[in-house]
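**Student:** For reference, the sequence and a predicted model appear below.
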Amino acid sequence: MKKIVYSDTSDRHDLRERRKKIQRSPKTNRRFKNKEGEAKGWFRLGTFYVKREQYEEARENYQKSLKIFRHIGDEMGQINAKAAIARIDMKQGNYDKARESFREVLEGFEKMGSPEDVAGILCGLALVDAYQEKYDTARDNFQRELEIHQKIGDKAGEISTLRNLASIDIRIGDQDTAYESYLRALKLLRDVDDRFGEAETLHKLAEIDIEQGRDEAAIKLLQKALDFWREVGDEVEEANTLDRMGFIWLNQEKWPSAREAFKRSLEIWQSIDDNYGEAAAWHNLALVDFSQKEFEAAMEKHQKALYMERLIGDEKGMATTWHNMASIDLDRGDYRAGADKLLKSLAINQRLGEKASEAMNLTQLGLVAAKIGRAEEGLRLAALGVSILESIRNPIAWQIRPAVDALTSDLSYAQEQLDSMIKEVQESYDRDRGWGLIEAAFGEG
């Protein structure tokens, strides 16, 4: 089924009319000297702009309402306006300012607000802490929020908070506790018959199962989610779920199952004209071919992915595809062809500023140069790549360093020689991003 693109002209007209109506409200109330009505009107206008993600306009209107609420002595109105401004600060990354405001607002709500009001501000405080990686205090505030939702029987709030707690636990590496929170949320979602939320939570549980090596458990959860997405006709989520299942089967070397999942995913992406999804699906099918040493078939699928990426201008995807095609050439011993494709990947990664990918390209080019008999030139390139990875503290450096160390040993380099060479290649990189070293390794001379 092809996507249908509808005109949004009438929607824009409705929004303009709604904005005009809301804007008239505070002005009308001002004319009739209804200060409370004017303040509430500015507040509603601020909320309108928040929904449109026009935060500065929203802030301006909330501040107008706050000024009037102060003038007329409406404490609850002041608290609500301050809470709204704090949420804007949080959305804009002004976390310290937002935290200070939330704390002030919390005191007010604890004195005169409802439990729902208090829970909402505790959630804001927790989110601010989480954004600043202050996970202990974030957890404490989420836990306090959860207790309020449980006390007043707010299952929707309880579900949301359990998910937030699970996210914190995942960030600090406590996957077991996160799993328990998602299970509790799943039970509540079934109680309130929120099947969309249930399917999303099944995905979250499956992700943890995959991380902990419970592949079969993950497949069962994903199959339940898949059945639901198919039932409601959500093709995007169906394709995403098939891709996740396909990767599990790929890692298990269950080639037919992986291929079937990726093939069905490809059909969906094509049917809804999603070029990004189609490009990714061709990549995934190529991975199955590559894993089975079907190099020609894999190369053909990568070329189809490359065509789609060029069509949509996905340069990062193109760099990855050139790198993957280079891996095929190198695996079948065609080093020159592999090097040519790595150079194409390198040029794109340097243009995009993708340091880690650039470093990997340089390292792999160095190892290829050594394969074609230019060991010293290859060592220079490989050492440069590792040096860049270490400078950005990328953990991949530790995985590929043994190959570079082996090449160093083969050439019988003393540590003093190695240190001098690394200094030279870094200076060369500063001059021309390593292309002089590449010419020395792969040029005709």
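**Tutor:** Perfect, thanks for sending it. In this text the structure is predicted, and so the values were computed from the model without any measurement.
**Student:** Okay, buried residues for the host helix or strand of Phe196 please.
**Tutor:** Assigned by DSSP states H and E, Phe196 belongs to helix 195-211. By neighbour count on 16 or more other CB atoms under 10 Å, the buried set for helix 195-211 is 197-210. Glycine gets a C-beta too; all of them are placed from N, C-alpha and C.
**Student:** need the next SSE after the lowest-mean-pLDDT helix or strand in the chain, C-terminal direction.
**Tutor:** The least trusted helix or strand in the chain, going by mean pLDDT, DSSP states H and E, turns out to be helix 9-31, with a mean of 52. Going down the chain from helix 9-31, the next helix or strand is helix 35-51, by DSSP H and E.
**Student:** burial of Trp42, as a residue count?
**Tutor:** Using other CB atoms under 10 Å, Trp42 has 28 neighbouring residues.
**Student:** Then Arg144?
**Tutor:** When neighbours are counted by other CB under 10 Å, Arg144 registers 16.
**Student:** Who are the contact partners of it?
**Tutor:** Listed by CB atoms under 8 Å, 6 or more residues apart in numbering, the contact set of Arg144 reads Leu122.
**Student:** Name the residues of the helix or strand harbouring it that come out as buried.
**Tutor:** Here Arg144 sits within helix 135-152, counting by DSSP H and E. Using 16+ other CB under 10 Å as the test for burial, helix 135-152 gives 135, 138-139, 141-142, 144-146, 148-149.
**Student:** So for that helix, mean pLDDT?
**Tutor:** The average of the pLDDT scores along helix 135-152 is 96.
**Student:** C-terminal to it, what's the next element?
**Tutor:** helix 155-171.
**Student:** pretty sure Ile401 contacts Val386?
**Tutor:** Not quite, residue 401 is Arg, not Ile. Yes - using CB atoms under 8 Å, Arg401 is in contact with Val386, at 5.7 Å.
**Student:** okay, the two: which has more neighbours?
**Tutor:** Val386 (25 against 17).
**Student:** my read: that one touches Val404, true?
**Tutor:** Yes - at 5.3 Å, Val386 counts as touching Val404 under the criterion of CB under 8 Å.
**Student:** which neighbours do these two share?
**Tutor:** In contact with both Val386 and Val404: Thr363, using CB under 8 Å, 6+ apart.
**Student:** What ranges in the protein fall below the confidence cut-off?
**Tutor:** For the chain, the stretches flagged by pLDDT under 70 are 1-33, 444-445.
**Student:** let's see 50
**Tutor:** Across the chain, residues meeting the criterion (pLDDT under 50) sit at 1-13, 15, 32.
**Student:** Return the set of buried residues in stretch 79-91.
**Tutor:** By 16+ other CB under 10 Å, the buried positions in stretch 79-91 come out as 79-90.
**Student:** meant to ask about stretch 281-292
**Tutor:** 281-290.
**Student:** what about dumping the CA coordinates of that stretch to PDB?
**Tutor:** Output in PDB follows, covering the C-alpha atoms of stretch 281-292 (Å, rounded to 0.1, in the frame of the first residue of the first chain):
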ATOM      1  CA  ALA A 281      16.900  -3.900   4.300                       C
ATOM      2  CA  TRP A 282      19.200  -4.400   1.400                       C
ATOM      3  CA  HIS A 283      22.200  -4.100   3.800                       C
ATOM      4  CA  ASN A 284      20.700  -6.700   6.100                       C
ATOM      5  CA  LEU A 285      20.100  -9.200   3.300                       C
ATOM      6  CA  ALA A 286      23.700  -8.600   2.100                       C
ATOM      7  CA  LEU A 287      24.900  -9.500   5.600                       C
ATOM      8  CA  VAL A 288      23.200 -12.900   5.400                       C
ATOM      9  CA  ASP A 289      24.800 -13.500   2.000                       C
ATOM     10  CA  PHE A 290      28.200 -12.400   3.300                       C
ATOM     11  CA  SER A 291      27.900 -14.600   6.300                       C
ATOM     12  CA  GLN A 292      27.300 -17.600   4.000                       C
END
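**Student:** Find the nearest non-adjacent residue to Ala83, please.
**Tutor:** Val105 (4.6 Å; CB to CB, 6 or more residues apart in numbering).
**Student:** Can you say which helix or strand has the one you found in it?
**Tutor:** For Val105, the host element (DSSP H and E) is helix 95-112.
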